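Enquirer: okay, predicted coordinates and the sequence, questions at the end:
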Amino acid sequence: MAKEVTKRAENYSQWYNDLALKADLAEQSAVRGCMVIKPYGYAIWETMQHTLDAMFKKTGVQNAYFPLFIPKSFFSREAEHVAGFAKECAVVTHHRLMNDPDGNGIVVDPSAKLEEELIVRPTSETIIWNTYKNWITSWRDLPILCNQWCNVVRWEMRTRLFLRTAEFLWQEGHTAHATSQEAQDKAMEMVKIYADFARNVMALPVIVGHKSPNERFAGALDTLTIEAMMQDGKALQAGTSHFLGQNFAKSFDVQFTNKEGKQEYVWATSWGVSTRLMGALIMAHGDDNGLVLPPKLAPIQVVMVPIYRTDEEHNAVLDKMYEIKKALEAMGISSKIDDRDTLRPGFKFAEWELKGVPVRLAMGARDLGNGTIEVARRDTLTKETMPLEGIAEHINGLLEDIQQNIYQKALDFRNSRVENCDSWEEFKEKIGTGRFLLCHWDGTAETEQAIKDATKATIRCIPIDSFVSEEEGVDIFSGKPSKGRVVFGIAY
RNA sequence: CGGGGUGUGGCGCAGUUGGCUAGCGCAUCUGGUUUGGGACCAGAGGGUCCUGUGUUCGAGUCACAGUACCCCGACCA
């Protein structure tokens, strides 16, 4: 069949791509490196948005919107920041088109050249800090806690659906504070929200930690991250939260008068997660039959497939199904009755599995007679026949089970691939086999770089809420003293 | 930007040492039979074989150039 998905073990990237395409999440656009997110995929993203948004708002964050275009001069004020993004920017140079004087369609009007080029935002720190300058004069104006949901453009060399596209959707929070401590606390608070969301909504086990200086965001003093492991054992950075110090405040001259009446630069954070989370969802839970969606993110939580020979049977089954649908709705469970009469049940089963719907109900003449219904769960691919009585309550519990089970499965998988490693020889052997290795590191950028050059492995994070180690040891590569283990892995 | 590969109906591919009307599977459409794990039968429609130039009696096939896409590097959420 055309819809069959490549086996995960045979070709992991092909499998990933198949899932994204065939489960109807997204497709490659005609524009190089860009992606079309299809309605089914977007519905998942919307749920992520709404859930995160509610979590942000509980901490006092408000949504706002800043321009897509950033004047080149703004962008170049923070030196490290430019260095980090300069190589991958789209630049607007003109503002008008005209008919080709030679009659060959449309050309750029050379007389419409912009005096100053505009950069399509790769991230919005610069334009936001340029704006914050006008918002902040006194300690009474602080803190400012803004978030925006938007698109950004990074002109990447090689792209992959969701994981790396030239344009992607994300949320970027930008906060301004009176003290360093307050800003650092905010950065920590936000990364913990990300971790909570990843674990409890996406069923994605993540390790929270600090980035090493090499892996930090361009312009940050500290970068906090949530790191997930995909089913090929590679690491995926799923979200980051940065403590920016006073770097941007100084570059954009954002000062406030403190309680002592003195001028002081503002302290900043920024934090973001992107549609890359969709990629994480696919890779963390999918199997050879397709997508496996955690119930909390599934656009359709329960799908019902009627099985019938005659119109009478058809109507009788549908009547029951509408009753169930109503009962599910009353409990806040989304469902769909797949009443397409041109497709056979087997085809529908396979298709809904491909799309990752957590629970499938099937009902036919046999069930009508017995007062039963067949309940199949996507995560375990098992099914059982149940009495109709109390089915909605049962499904409600089942969805919670599934959410839990998916998380547990991913957690067990990841834990089975995390281990201590104290020998450089062993490290070189094991790091390519899809693992996180907990190793001692001397804390220097040189050592980290040397390890990366030799093995492609990077420090995913210095963990703070799981796999935390305070034991003394010696660096796996340099032999110099180390104060604790860090997480090494090969990243997407 | 370096290394490799591929361009043939909507999708996936075959096409021999150059040869006659360019095939196959899936999808689509029509009719019928089916329907508890991806249905079957019969019929139908759909192609500037990536572009250009060249070699030849003859090019999907050979040569050169261009171009697009994919994979592996470097870069990255």
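Expert: Thanks, I have the structure now.
Enquirer: identify the residue spatially nearest to the closest residue to RNA strand B within the stretch 351-492 of chain A, adjacent ones excluded.
Expert: Distance from RNA strand B to each residue of the stretch 351-492 of chain A (Cβ to the nearest atom of the strand) is smallest for residue A:364, at 2.5 Å. For every residue, glycine as well, the C-beta is placed using N, CA and C. Nearest residue to residue A:364 in three dimensions, chain neighbours excluded: residue A:307, at 3.4 Å (Cβ to Cβ, 6 or more residues apart in numbering).
Enquirer: quick one on the thing from earlier: so what's the backbone phi/psi at the residue of the stretch 351-492 of chain A closest to RNA strand B?
Expert: The phi and psi values for residue A:364, taken as degrees, to the nearest 10, are phi -140, psi -170.
Enquirer: what about the closest residue to RNA strand B within the stretch 201-350 of chain A, how many neighbours?
Expert: Per Cβ to the nearest atom of the strand, residue A:346 is where the stretch 201-350 of chain A lies closest to RNA strand B, at 2.5 Å. By the measure other Cβ atoms under 10 Å, the count of residues near residue A:346 is 10.
Enquirer: check which helix or strand covers it.
Expert: Applying DSSP states H and E as the criterion places residue A:346 in helix A:345-354.
Enquirer: do I have it right that residue A:402 meets residue A:359?
Expert: Yes - the pair formed by residue A:402 and residue A:359 meets the contact definition of Cβ atoms under 8 Å, at 7.2 Å.
Enquirer: need the residues touching each of those two.
Expert: Listed contacts common to residue A:402 and residue A:359 are A:295, A:377, A:378; contacts here mean Cβ atoms under 8 Å, 6 or more residues apart in numbering.
Enquirer: looking at the residues you listed, which is nearest residue A:184?
Expert: residue A:295 (35.4 Å; Cβ to Cβ).
Enquirer: distance between the ends of stretch A:363-376?
Expert: Using Cα to Cα, to the nearest Å, the span of stretch A:363-376 from its first residue to its last is 11 Å.
Enquirer: quick one: strands adjacent to the helix or strand hosting residue A:118?
Expert: Secondary structure assigned from DSSP H and E places residue A:118 in strand A:113-120. In its sheet, strand A:113-120 lies beside strand A:69-71 (antiparallel), strand A:91-94 (antiparallel), with partners assigned from DSSP bridges.
Enquirer: looking at the ones you listed, which one has the lowest mean pLDDT?
Expert: Within these, the least confident segment by mean pLDDT turns out to be strand A:91-94, at a mean of 88.
Enquirer: contacting residues around it?
Expert: Strand A:91-94 has contacts (Cβ under 8 Å, 6+ apart) with A:69, A:72, A:108, A:109, A:110, A:112, A:113, A:114, A:117, A:118, A:119, A:120.
Enquirer: repeat that for stretch A:339-355.
Expert: In this structure, residues lying in contact with stretch A:339-355 by Cβ under 8 Å, 6+ apart are A:1, A:3, A:5, A:22-24, A:40, A:289-291, A:293, A:300, A:303, A:305-307, A:318, A:338, A:360, A:362, A:376, A:378, A:381.
Enquirer: can I get that stretch in PDB? Just the C-alpha atoms.
Expert: In PDB, the C-alpha atoms belonging to stretch A:339-355 read as follows (Å, rounded to 0.1, in the frame of the first residue of the first chain):
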ATOM      1  CA  ASP A 339     -18.600   7.100   8.500                       C
ATOM      2  CA  ARG A 340     -16.900   7.100   5.100                       C
ATOM      3  CA  ASP A 341     -18.800   4.400   3.200                       C
ATOM      4  CA  THR A 342     -16.200   3.900   0.400                       C
ATOM      5  CA  LEU A 343     -13.600   2.500   2.600                       C
ATOM      6  CA  ARG A 344     -13.400  -0.800   4.400                       C
ATOM      7  CA  PRO A 345     -12.900  -1.100   8.200                       C
ATOM      8  CA  GLY A 346      -9.400  -2.600   7.900                       C
ATOM      9  CA  PHE A 347      -8.300   0.400   5.800                       C
ATOM     10  CA  LYS A 348      -9.700   2.800   8.400                       C
ATOM     11  CA  PHE A 349      -8.000   1.000  11.300                       C
ATOM     12  CA  ALA A 350      -4.600   1.300   9.600                       C
ATOM     13  CA  GLU A 351      -5.200   4.900   8.600                       C
ATOM     14  CA  TRP A 352      -6.100   6.100  12.200                       C
ATOM     15  CA  GLU A 353      -3.200   4.200  13.600                       C
ATOM     16  CA  LEU A 354      -1.000   6.000  11.100                       C
ATOM     17  CA  LYS A 355      -2.400   9.300  12.400                       C
END
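Enquirer: what comes up buried for that stretch?
Expert: Of all the residues in stretch A:339-355, those buried under the rule 16 or more other Cβ atoms under 10 Å are A:348, A:349, A:351, A:352, A:353, A:354, A:355.
Enquirer: cool, stretch A:262-279 as well?
Expert: When neighbours are counted by 16+ other Cβ under 10 Å, the buried residues of stretch A:262-279 are found to be A:265-279.
Enquirer: and the residues you listed, which of them are in helices?
Expert: Secondary-structure check on the buried residues of stretch A:262-279 using DSSP state H: residues within helices are A:276, A:277, A:278, A:279.
Enquirer: possible to save those as CSV with distance to RNA strand B and pLDDT?
Expert: Converted to CSV, those look like this (distance: Cβ to the nearest atom of the strand, whole Å; pLDDT from 0 to 100):
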residue, distance to RNA strand B, pLDDT
A:276, 4, 93
A:277, 9, 96
A:278, 9, 95
A:279, 8, 93
